[in-house]
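# Take a look and give me a structure for this.
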Amino acid sequence: MTEEVPAALPPGPSSCSDFEEIVEFLPDPTFVIDQEGRVIAWNRGLEKMTGVREEEIRGRGDREYAIPFYGYRRPLLVDLILRQDPETELLYDWVRREGDTLFAEVFIPSLHLGQGAHVWVKASPLRDAGGRVVGAIETIRDITQRKMAEDALRASEARYRCVVEDQTELICRFSPDGTHLFVNDAYCRYFGMRKAEIIGRRFRPVIPEEDRPVVEQALASLTVENPVVTTEHRIIMPDGSIRWQQWSDRAVFKGCQAPLEYQSVGRDITEQKRAEEALRTSEEKYRVLADMSPGMIYVVDLDGYVRFVNRAGADRFGREPADLVGKHLSEIFPPAIAESHLGAVRCVISSGTLFHEEVLEKFPTGECWIDARLSPIRDHKDTITGVMGISFDITMRKMADQVLRDSEERYRALFTRMITAFAQLDWVEGGGGKDPDFRFVEVNPAFEIITGTAVEDITGRLLSEFGPAFTPETRKAFREVAETGIPRTFEHRLPTTGQVISGVIYATEKGRIAMNFQDITDRKRSEEQLRMSEAMYRAVFEHTGTMSIIVSEDMTIVAANSELEGLTGYSRADIVGRKRWTDFVHPEDQERMIRYHVMRRKDPDRAPQKYGFRLITRDGRAIPCRITVGMIPGTTQSIVSITGLTHQKEG
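A predicted model of the protein is given here:
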């Protein structure tokens, strides 16, 4: 809700006192000047903010109202209502005009005993009953706490986002319909896309048809009791290449039976899979005058009937102020809510004191959090005649608090579920001629799993205390990263376990570095086995005693042994990757052999494995040959063995 004071002085002898009473009850500091710039109202909120009492400033002109804020006379936002001056606008962080109302924000160093305060300012013209401008009103609201909350939220998000963004793992969040809500930089780099091309869109990597059931069944299996699943599957990259990925998917339910969203952490395991495969094969708008503060102003008499409500209050109900004035609270609110409000009114009347509460309120225009303040209205005999209420909308503050809590919870959850080991370390100055060291500040569960050292045995200890695990050379690399800010990758075998780890060291802020790594022992072992396997099969291929070649699906010769050179007269350099096998086939045999080539890739059992043909040499001779062809399992390539015939006819 927003608070309002009248836009014009109401007619009648009590108009000035009524107007001053409303201004006085505004919770936000407010003052009013006439056309000559003299102060005609200065409420309690402003007295409390500046330390200047109303009787000390009333009637003063020549911009003396600026001295309590800045220590000298200068134009304020209220002066722009009476006289436009572009230079005055430059004194504020920003100035926005809505109709004849001005809004601005500025930092005032002198407030809060010299600590300064961020304030929101609003100024509007004051009109008489005839609509003529007779002065101007300025309201000032201290928004320092909101600014601090916003800064804290940004700092928290930046801190945990840094952890997530610096990971080599792919991290994303998406809704059940596939719309991406978050992706980290590694995810974007992996797919060669920008965040703007993914977030808010139904981006889905292309998954081979045979792998789709694995992914669909895994996501479908997630329940409140079992919300996490790990899968491995292939994807088709934009360039057509096939990559393998491993994903840890978590469904977020938050009290629902169906998932609200999914959080996924993945990594590329293509190299490992290839080795294995080779081895196997804002804020709402404010209105003039009474909505100078963010709330609604209303007056209720001793019997619970509404005697006054401002535009902001009426707008909450989607009605005009005149439609609400004269109605009982029970005619405006549902029974339970009306009784609650009447109880608060009776409490103020009986106690004569201020009533304050924060409550989630439902209005026809929507639900919002309200800060409600009720004060007794007294006549000249100090008799309570009614209750004035000023309520304002604090939904944004509540949402900011919740967003801050959700942000910290979300990024902390991602941190603890990372597959890659992560640690943060602080620089520790060396004393007595000793080299600088680093102290472990935080490590994730994956660090404990990979190193075999409990988190509590790591946190708080120095890097040098781990002896052989981190050699002087390793500590030197840490110092270089901390001093230069340039990341360094590393590959290291842990002496305690024999595991091979690979990762990166990088600076996160001054005096603090981080490292993350993963266990690549299995990949290294598979790569070594692959090298041995390739060496063995290459030796067999080279020494078969017959001409042997490997042919791709497009008929290009991708490998050949030395026997080819003697039979064709070409060197391997002239052939491999440069010629098709049809370049060596007699024209009369080509149609038949091309048909066999295509048939073999569709149905290997239908294509003959052995047959004759005529081979054309470099000097144009046609040599009768016998060919034996077979497909290489798991590929579209075939291996061909060719024997020259001297006494046989071609088949």
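
# Low-confidence ranges, the stretch 101-250 of the chain, go.
Applying pLDDT under 70 to the stretch 101-250 of the chain picks out residues 155-167.

# Give the rounded mean pLDDT of the lengthiest strand in the chain.
For the chain, the strand that runs over the most residues, judged by DSSP state E, is strand 366-378. Strand 366-378 shows a mean pLDDT of 85.

# helices and strands around the next helix or strand after it, which ones?
Moving toward the C-terminus from strand 366-378, the next helix or strand (DSSP states H and E) is strand 384-393. If contacts are counted by 3 or more Cβ pairs under 8 Å, 6 or more residues apart in numbering; DSSP states H and E, strand 384-393 sits against strand 295-301, helix 335-351, strand 366-378. C-betas here are computed from N, CA, C, even on glycine.

# ok so, going back, partner strands of the longest strand of the chain and their direction?
Next to strand 366-378 in the sheet, as set by DSSP bridges, lie strand 355-363 (antiparallel), strand 384-393 (antiparallel).

# Quickly compare the helices and strands packed on strand 384-393 and say which is most buried.
Of the helices and strands packed on strand 384-393, the one with the most neighbours on average (mean count of other Cβ atoms under 10 Å) is strand 295-301, at a mean of 24.

# What strands line up against that strand, and which way round?
Counting by DSSP bridges, strand 295-301 is paired with strand 306-309 (antiparallel), strand 384-393 (antiparallel).

# Now that we have those, can you turn them into JSON lines and tack on distance to Met547 and mean pLDDT?
As requested, the strands paired with strand 295-301 are exported to JSON lines (distance: least, Cβ to Cβ, whole Å; pLDDT from 0 to 100):
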{"stretch": "strand 306-309", "distance to Met547": "99", "mean pLDDT": "88"}
{"stretch": "strand 384-393", "distance to Met547": "86", "mean pLDDT": "86"}
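
# just to confirm, which helix or strand has Glu408 in it?
helix 395-417.

# Show me which parts of that helix are buried, residue by residue.
Met396, Ala400, Leu404, Ser407, Arg410, Tyr411, Leu414, Phe415, Arg417 (16 or more other Cβ atoms under 10 Å).

# Mean confidence (pLDDT) on stretch 539-548, please.
On average, stretch 539-548 scores 76.

# Next, the distance between the ends of that stretch.
Start-to-end span of stretch 539-548 (Cα to Cα, to the nearest Å) is 12 Å.

# List the beta-bridge partners for the one residue sitting closest to the centre of the chain.
Computing the C-alpha centroid of the chain and ranking residues by Cα atoms, centre = their mean puts Phe182 first, at 5.2 Å. Per DSSP bridges, the residues bridged to Phe182 are Arg173.

# Now do the same contact list for it.
Taking Cβ atoms under 8 Å, 6 or more residues apart in numbering as the criterion, Phe182 is in contact with Ile171, Cys172, Arg173, Ile199.

# For the last one, which non-adjacent residue is closest in space?
On the basis of Cβ to Cβ, 6 or more residues apart in numbering, the spatially nearest residue to Ile199 that is not a chain neighbour turns out to be His180, at 5.3 Å.

# In this structure Lys610 contacts Gly630, no?
No. Between Lys610 and Gly630 there is no contact under Cβ atoms under 8 Å: 9.9 Å.

# Compare neighbour counts for those two and give me the winner.
Gly630 (14 against 11; other Cβ atoms under 10 Å).

# contacting residues for that one?
Gly630 touches Gln609, Ser638, Ile639, counting by Cβ under 8 Å, 6+ apart.

# any idea how far the residue nearest to the centre of the chain is from Leu260?
For Phe182, the distance to Leu260 (Cβ to Cβ, to the nearest Å) stands at 14 Å.

# which residues in the stretch 1-150 of the chain form strands?
Assigned by DSSP state E, counting those that start in this stretch, the stretch 1-150 of the chain shows strands spanning 30-34, 39-42, 94-98, 101-108, 117-127, 133-142.

# Good, we can wrap up now.
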